[in-house]
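**Student:** build me a model:
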Amino acid sequence: MKVLVPIKRVIDYNVKVRVKADNSNVDLANVKMALNPFCEIAVEEAVRLKEAGTATEVIVVSIGNKSCQEQLRTALALGADRAIHIDTELTFDALNIAKLLQKIVEEEQPQLVILGKQSIDSDNNQTGQMLGALTGFSQGTFASEIKVVGEKINVTREVDSGLQTVALTLPAIVTTDLRLNEPRYASLPNIMKAKRKPLVVKLAADFGIDLTPRTQLLKVSPPKERQAGIIVESIDELVEKLRNEAKVIS
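**Tutor:** The predicted structure follows:
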């Protein structure tokens with residue numbers, strides 16, 4: 001079984017995000033970038049399927065400029081077999097990303113596509129579902145457990161009321177939730193091996209897709225700064241402030 005894992009380059013989750021002075025976007029100058037945490041979980045799950053003998057090959061793909069090859073090499077160091085870089089200087093919305101991934105699916109013919117449920121920068125949670133609609137593959141989102149049973153894959157999903165298990169007929173698309181697994185750290189030998197693994201570059205413009213964006217970024221604003229709290233000396237003082245200042249009790 002061939003597994004395809006789309007991944008994304010994002011600001012490291014430990015970094016405090018800064019907004020540009022003109023509010024046009026997030027400031028990426030001299031900012032540490034990393035593999036999106038949900039994508040990292042997807043790579044780990046694909047590698048585990050290969051280690052279990054269920055998957056035969058793990059392919060990672062990323063869309064962006066040359067910088068995203070760093071994250072592709074990271075995924076290769078984590079255990080992926082080869083990488084595809086769709087090179088572009090443009091920023092795409094979820095639909096155009098899904099269209100490009102559809103072309104890769106048509107070329108590679110994977111039996112399973114695993115991707116993070118969302119990226120931590122845009123938080124759209126749309127690409128997996130859109131890719132499922134474009135390819136016609138069965139899909140299971142928000143997966144906390146994956147089990148391959150013959151020609152089907154059982155996906156336990158995290159839903160509002162608890163857990164739901166669905167059986168998907170392959171080929172299928174699965175999006176990962178936080179509790180699916182604990183990603184491994186790349187060892188130094190595997191980091192060195194990753195430098196020699198195949199990484200193919202394809203131009204986004206060569207796929208013959210209308211990549212006109214359907215959405216436009218108007219403004220990016222930082223959240224309002226919270227006021228510092230105060231320490232009260234007694235319960236009576238707390239009640240008094242809640243009643244007279246905050247006016248949340250009567």
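**Student:** burial count for residue 54?
**Tutor:** 17 (other Cβ atoms under 10 Å). In this view, the C-beta of every residue, glycine as well, is placed from N, C-alpha and C.
**Student:** repeat that for residue 200.
**Tutor:** Neighbour tally, residue 200, other Cβ under 10 Å: 11.
**Student:** correct me if wrong: it contacts residue 87.
**Tutor:** No: using Cβ atoms under 8 Å, residue 200 is not in contact with residue 87, being 10.3 Å away.
**Student:** next, the buried residues of the strand of greatest length in the chain.
**Tutor:** Ordering each strand of the chain by length in residues (DSSP state E) puts strand 138-149 first. Judged by neighbour count using 16 or more other Cβ atoms under 10 Å, the buried positions of strand 138-149 are 138, 139, 140, 141, 142, 143, 144, 145, 146, 148.
**Student:** and stretch 83-98, by the same measure?
**Tutor:** Buried residues in stretch 83-98 (16+ other Cβ under 10 Å): 83-88, 92-98.
**Student:** give me phi/psi at residue 156?
**Tutor:** Backbone geometry at residue 156, expressed as degrees, to the nearest 10, gives phi -90, psi 120.
**Student:** contact partners for it?
**Tutor:** 143, 144, 145, 146, 163, 164, 165 (Cβ atoms under 8 Å, 6 or more residues apart in numbering).
**Student:** show me the contacts for the nearest residue to it once chain neighbours are set aside.
**Tutor:** The shortest distance from residue 156 to any non-neighbouring residue, by Cβ to Cβ, 6 or more residues apart in numbering, is to residue 145 (3.9 Å). When contacts are counted by Cβ under 8 Å, 6+ apart, residue 145 touches 154, 155, 156, 180.
**Student:** helix/strand/coil for the first one?
**Tutor:** When states are read from DSSP: H, G, I helix; E, B strand; the rest coil, the local structure at residue 154 comes out as strand.
**Student:** just the residues contacting stretch 92-111, thanks.
**Tutor:** So stretch 92-111 is contacted by 1-4, 6, 59, 61, 63, 84, 86, 113, 122, 124, 126-127, 130-131, 133-135, 137, 170-172, 204, 207, 209, 211, 213-215 (Cβ under 8 Å, 6+ apart).
**Student:** hmm, residue 89 and residue 203 touching each other?
**Tutor:** No: with contacts counted by Cβ under 8 Å, residue 203 stays clear of residue 89, the gap being 10.6 Å.
**Student:** that older thread, as TSV, the buried residues of strand 138-149 with pLDDT and distance to residue 79 would be great.
**Tutor:** Converted to TSV, the buried residues of strand 138-149 look like this (pLDDT from 0 to 100; distance: Cβ to Cβ, whole Å):
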residue	pLDDT	distance to residue 79
138	95	25
139	95	24
140	94	22
141	94	24
142	94	23
143	95	19
144	95	21
145	95	20
146	95	16
148	92	17
